[in-house]
Every structure is written in C-alpha cells, then in structure tokens.
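> would you be able to build a 3D model of this:
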Amino acid sequence: MELLHSKKLALGGSGSSTQKYVDIKEIKDDVIVLKNGSLRAILLVSSINFDLKSGEEQEAIISQYQNFLNSLDFPIQIVISSRKFNVKPYLNLLEKNEAQQDNELLKFQIHEYENFIKSLIKVSNIVSKFFYIVVPFYPVESKEQGPMEKIIAMFNPRQVVEEKEILFETYKNQLWQRVDHINAGISGIGVQVTSLKTEEIIELLYNSYNPSIFTNAIINRIEEVDLR
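Residues are numbered from 1 along each chain as shown. Predicted structure coming up:
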C-alpha cells in the first residue's frame, strides 16, 4: 500500500491525483457517503447451487425472486466480484500439521498433498466469487445555499455541523429501512444476507481500486486509510 499525506493510506494506489475521480466522500457508521450527498449500504449475499435443486424448488426460487424484484420501489445494484483464491493460509496450516506429525506415513501423505495443491494452483486459475447488493438512498435537498444560509454558516459553523449530523442520521435510518426490506425479501430464496461494516467496506473498496493486487489486501490500520 502506498503512503499519502502524513503517512495515511490512499484508497487509490496512484495517490491524491486519482482521488478526484472517486465519488466517495467518506465512510462512517457502516455507510458510504458520496460527494453528491447520497448514501450507499453494501450487502454481502451468499450463493445457492441452483442446478442441484429439484424442478419444484427452482420454480419456487424464481417465483420468490420475481416477487422480491417487484416489491422494490427503489433501484439496487448487483455486483459480482471475482478474486484469485488465496491458498497460502491453507498451505501454511498444512506445513504446520506436517511439522507436528509424528507418524511418518501421515507426514508423507500431508507433504504429497501440499505438493498437489501447489501444482494445482500453478496450472489452474482458482477464483472465488462474491455477490453484493448495493443499496442507495438519495436525499432530496437543495445543493446550493442561499445568501442567508451562507451567512448563518459563516457565523455559526457549529450549528451547521449539528444540522448535518441530524440529517445524516435521518437519511441513514431511511437507508436501513431499505436494507431491512431487502433482507426480508431475499431471505425467502434461501440465501443469507449480511451488511458490511465500515472496516469491511474499506477493505472491499481498497481491493476494488487496486486490481493489480492479486491476493486480497487485509488492512489492519483502518483508521489510517485516507478516504477524503
């Protein structure tokens, strides 16, 4: 990860010059705040093996999914992320078990299995897929302040900040109402839905804006990531 401004980590690897092309203003309280004032929540959705279902189950899933889509009165975005599967932690575990094994036969079998895994990832591009639903909320408000509002903001900036915080809480609650609606609608299909927390959103965005990193970067110092 590259350093930018007071040793903070940049969301885009090429530095602040690329940040002006990123629509994200900040991430707080598990919500993405865009520069235009709109909010986004990201849901991680599990998958099901549709082909292994019976004909009746497939029809029920399709019908439930249609009902879910018809119940929406707001747009959503479905994102599929394919990432190269990182098997290094698994290989490290095998090596640890091999070193602790007293039985020579089991030790040999573990070693051969390690070699099989290593040869497999060399000839195969093993990827894992993640499915996300992006839930938006667009607040209806004027983007431009009038002369009186500008004067009030100049002489009482604290009041402006407090008002913005109140508005953010109001908009966030309305966003979570949409999230709850999606949870209720899509859980009937048989998939699990979970909302990404702030740290998970930052890691997801960092990996998305740095595609040259083949294995996922795990950011331990979340508070040092510069998203402004």
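> just list what the longest helix along the chain packs against, helices and strands only.
In the chain, ranked by residue count with DSSP state H as the criterion, the top helix is helix 157-186. Under the contact criterion of 3 or more C-beta pairs under 8 Å, 6 or more residues apart in numbering; DSSP states H and E, the helices and strands touching helix 157-186 comprise strand 31-34, strand 39-45, helix 55-71, strand 127-137, helix 147-155, strand 193-195. The way it works is simple: take the backbone N, C-alpha and C, and place the C-beta from them, glycine included.
> now do the longest one against helix 157-186, angle only.
Relative orientation of helix 55-71 versus helix 157-186 (axes from the mean of the first three to the mean of the last three C-alpha atoms, to 10 degrees): 150 degrees.
> what does helix 55-71 rub up against?
48, 50, 53, 181-182, 185-186, 188-190 (C-beta atoms under 8 Å, 6 or more residues apart in numbering).
> among the residues you listed, which ones are buried?
181-182, 185-186, 189 (16 or more other C-beta atoms under 10 Å).
> now do the domain split for this protein, please.
Domain assignment of the chain by automatic domain parsing yields the ranges 3-85+128-226, 86-125.
> need those in TSV with mean pLDDT, can you?
Below are the domains of the chain laid out as TSV (pLDDT from 0 to 100):
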stretch	mean pLDDT
domain 3-85+128-226	76
domain 86-125	87
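> between the buried ones among the contacts of helix 55-71, which is nearest Leu120?
Distance from Leu120 was checked for each of these by C-beta to C-beta. The minimum falls on Ile189, at 32.7 Å.
> sorry, back to before: could you single out the most deeply buried of the domains of the chain?
Mean neighbour count, computed with mean count of other C-beta atoms under 10 Å, is highest for domain 3-85+128-226 among the domains of the chain, reaching a mean of 14.
> state the distance from Lys53 to Val135.
Computed with C-beta to C-beta, to the nearest Å, the distance linking Lys53 and Val135 is 27 Å.
> picking that back up, how far does the longest helix of the chain sit from its chain's centre?
The gap between where helix 157-186 is centred and where its chain is centred comes out at 19 Å by C-alpha atoms, centre = their mean, to the nearest Å.
> ditto for stretch 105-123
With C-alpha atoms, centre = their mean as the basis, the distance from the averaged C-alpha position of stretch 105-123 to the chain average is 33 Å.
> same check on stretch 117-137?
Centroid separation for stretch 117-137 versus its chain: 14 Å, with C-alpha atoms, centre = their mean.
> what does that stretch contact?
Contacts of stretch 117-137 (C-beta under 8 Å, 6+ apart): 38-47, 74-85, 87, 90-91, 94, 171, 174-175, 178-179, 182, 186, 193, 196, 204.
> again, only using 7 Å
When contacts are defined by C-beta atoms under 7 Å, 6 or more residues apart in numbering, stretch 117-137 is touched by residues 38-45, 47, 74-85, 87, 91, 171, 174-175, 178-179, 182.
> quick one: end-to-end length of that stretch, please.
45 Å (C-alpha to C-alpha, to the nearest Å).
> now do the same end-to-end measure for stretch 23-32.
End-to-end span of stretch 23-32 (C-alpha to C-alpha): 10 Å.
> same question for stretch 78-98.
OK, stretch 78-98 end separation, C-alpha to C-alpha: 42 Å.
> can you list the neighbours in contact with it?
107, 110-111, 113-114, 117, 121, 126-134, 214-216.
> one more pass at 8 Å, please.
With C-beta under 8 Å, 6+ apart as the contact definition, stretch 78-98 has outside contacts at 107, 110-111, 113-114, 117-118, 121, 125-134, 204, 207-208, 214-216.
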